[in-house]
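Trainee: Let's see this in three dimensions:
(one chain, ligands or ions: 1)
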Amino acid sequence: MQKFNIKESLGGAVPMLLAPMAGVTDAAFREVCRGFGAVFTYSEMVSSKALVYQDAKSVGLLLRGGGEFPYAAQIFGSDPIVMADASVKVLELVSPEIIDINMGCPAPKIVRNGDGCALMRDPALAGRIIAAVAVAAGNRAAVTAKFRKGWDSGSVNAAEFARIMEANGADAVTIHGRVRSQLYSGTADWDIIREVKSAVSIPVIANGDVASRADASRCIAYTGADAVMVGRAAMGNPWVFSADTPRPGSAAELLQTALRQLKRAAELKGERTACMEARKHFSWYLKGVRDAGHYKQLAAQAVTLADFSAIVSSAHSQRTASYLA
Ligand SMILES: Cc1cc2nc3c(=O)[nH]c(=O)nc-3n(C[C@H](O)[C@H](O)[C@H](O)COP(=O)(O)O)c2cc1C
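Mentor: Numbering: from 1, shown residues only. Reported below is the predicted structural model:
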């Protein structure tokens, strides 16, 4: 069996990937983004410990969408043995082409346990984790790490960290150009991405503040990265991945796609859960639209697929009425 080749799969002039985002990038949303041109999609981050204990909710987070290829499953944790065991579990469950290790999450409840971005303060341990996961995965999956510029502005170590990842068997790295202490504020530093790119010979995926295809092109030209990963700009906006379909301007058209996503989510995780989660997705889809407040209010009260369908129908009638007026 040949290991999945990341470099070869990053074809096209501007390869854009959908970032892993907990509470956002479920299989239904990933399918929609792929439809608009996202090259890879990642699961939400899943706890290695919870996977080893077979926690049903965590297993559910790994669900792979129909035709989702290549698929990257992201896990977090800081014990190399548990991470290796969790990787074996992931391979059994969803056979992803890529196992991505989260070394960038800044959330206090994650770093407090030594997980996520806390690993940037212990690069030797991070290296042992990558090595353990690479051995566990063998040729069955490529192994990648996603991390930040550093822990804080006084300890920027992304380039050295990337070298350690490569030396321990990483097949690619993703670098988010912010330090942990910035969380998601300020601007992402693309210079550090450029530095990482020149520090390693494995593919480098750039992340941070890419809000359009034009940004993605600029980021690739500036940093030399092999691909870009888009996070927040994709929320309610899968059109960000499209080379030829611009984001529609009307609530009716935007919500048509939101409804398609919701119907798929309902098939995958049940109507009730999908509808509760659709409230936030609808609100993101409505960003920047006239009358957004009105539709958001309706979505906040909707509980069934029929309720959401009615909102979309009313947006369509509204649109037709304004054409005829
Ligand atoms: C709501 C939310 C959830 C996130 N969850 C994850 C996650 O599960 N794993 C991860 O590696 N990064 C996670 N991130 C970080 C993003 O993947 C990405 O690195 C970050 O948002 C910067 O990219 P952007 O400027 O394109 O948004 C999350 C970000 C947001 C906003």
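Trainee: Domain map for the chain?
Mentor: 6-241, 251-324 (automatic domain parsing).
Trainee: roughly how far out does the strand or helix carrying residue 297 sit from the chain middle?
Mentor: Per DSSP states H and E: residue 297 is located in helix 292-301. Centre-to-centre, helix 292-301 and its host chain are 26 Å apart (CA atoms, centre = their mean, to the nearest Å).
Trainee: Repeat that for stretch 289-306.
Mentor: 25 Å.
Trainee: Between the two ends of that stretch, what distance do you get?
Mentor: 23 Å (CA to CA, to the nearest Å).
Trainee: what residues does that stretch touch?
Mentor: 249-251, 254-255, 262-263, 266, 271-272, 274-276, 278-279, 282-283, 286, 307-308, 311, 314-315, 318 (CB atoms under 8 Å, 6 or more residues apart in numbering). No exception for glycine: its C-beta is placed from N, CA and C like everyone else's.
Trainee: So which of those residues belong to helices?
Mentor: Secondary structure defined by DSSP state H assigns 251, 254-255, 262-263, 266, 271-272, 274-276, 278-279, 282-283, 307-308, 311, 314-315, 318 of the contacts of stretch 289-306 to helices.
Trainee: filter these down to the ones near the ligand?
Mentor: Among the ones in helices among the contacts of stretch 289-306, no residue is within reach of the ligand (CB under 6 Å from any ligand atom).
Trainee: Filter these down to the buried ones.
Mentor: By neighbour count, with 16 or more other CB atoms under 10 Å, those hold 251, 254-255, 262-263, 266, 271, 274-275, 278-279, 282-283, 308, 311, 314-315, 318 as buried.
Trainee: Mind listing what's buried along the helix holding residue 297?
Mentor: Neighbour count says helix 292-301 has 292, 294-296, 298-299 buried, by 16+ other CB under 10 Å.
Trainee: Can you check what angle separates it from helix 271-285?
Mentor: Here helix 292-301 points in a direction 170 degrees away from that of helix 271-285 (axes from the mean of the first three to the mean of the last three CA atoms, to 10 degrees).
Trainee: and helix 292-301, C-alpha only, in CSV?
Mentor: Extracted C-alpha coordinates of helix 292-301, given in CSV (Å, rounded to 0.1, in the frame of the first residue of the first chain):
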residue,chain,number,x,y,z
ALA,A,292,-30.5,39.4,7.8
GLY,A,293,-31.9,40.3,11.3
HIS,A,294,-35.4,39.2,10.3
TYR,A,295,-34.3,35.8,9.0
LYS,A,296,-31.8,35.2,11.8
GLN,A,297,-34.6,35.8,14.3
LEU,A,298,-36.8,33.2,12.5
ALA,A,299,-33.9,30.7,12.4
ALA,A,300,-33.2,31.2,16.1
GLN,A,301,-36.7,29.9,16.8
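Trainee: shift numbering so it begins at 734
Mentor: Let's use 734 as the start, then, which means that last one is helix 1025-1034.
Trainee: From what I see, residue 805 and residue 778 are in contact.
Mentor: No. Taking contacts as CB atoms under 8 Å, residue 805 lies outside contact range of residue 778: 11.1 Å.
Trainee: wait, doesn't residue 929 sit right on residue 908?
Mentor: Yes. Using CB under 8 Å, residue 929 is in contact with residue 908, at 4.9 Å.
Trainee: of the two, who's got more company?
Mentor: In this comparison of residue 929 against residue 908, neighbours counted by other CB atoms under 10 Å, the higher total goes to residue 908 at 32 against 28.
Trainee: name the element the more buried one belongs to?
Mentor: With DSSP H and E as criterion, residue 908 is part of strand 905-912.
Trainee: try residue 808
Mentor: strand 804-809.
Trainee: all strands in this structure, in order from the N-terminus.
Mentor: Remark: strands assigned in the chain by DSSP state E are 749-751, 774-775, 779-780, 804-809, 831-836, 875-883, 905-912, 937-940, 960-963.
Trainee: Tabulate the ones you listed (a markdown table), appending mean pLDDT and distance to residue 793.
Mentor: Converted to a markdown table, the strands of the chain look like this (pLDDT from 0 to 100; distance: least, CB to CB, whole Å):
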| stretch | mean pLDDT | distance to residue 793 |
| --- | --- | --- |
| strand 749-751 | 98 | 19 |
| strand 774-775 | 96 | 16 |
| strand 779-780 | 98 | 9 |
| strand 804-809 | 98 | 13 |
| strand 831-836 | 98 | 18 |
| strand 875-883 | 98 | 22 |
| strand 905-912 | 97 | 24 |
| strand 937-940 | 98 | 26 |
| strand 960-963 | 98 | 24 |
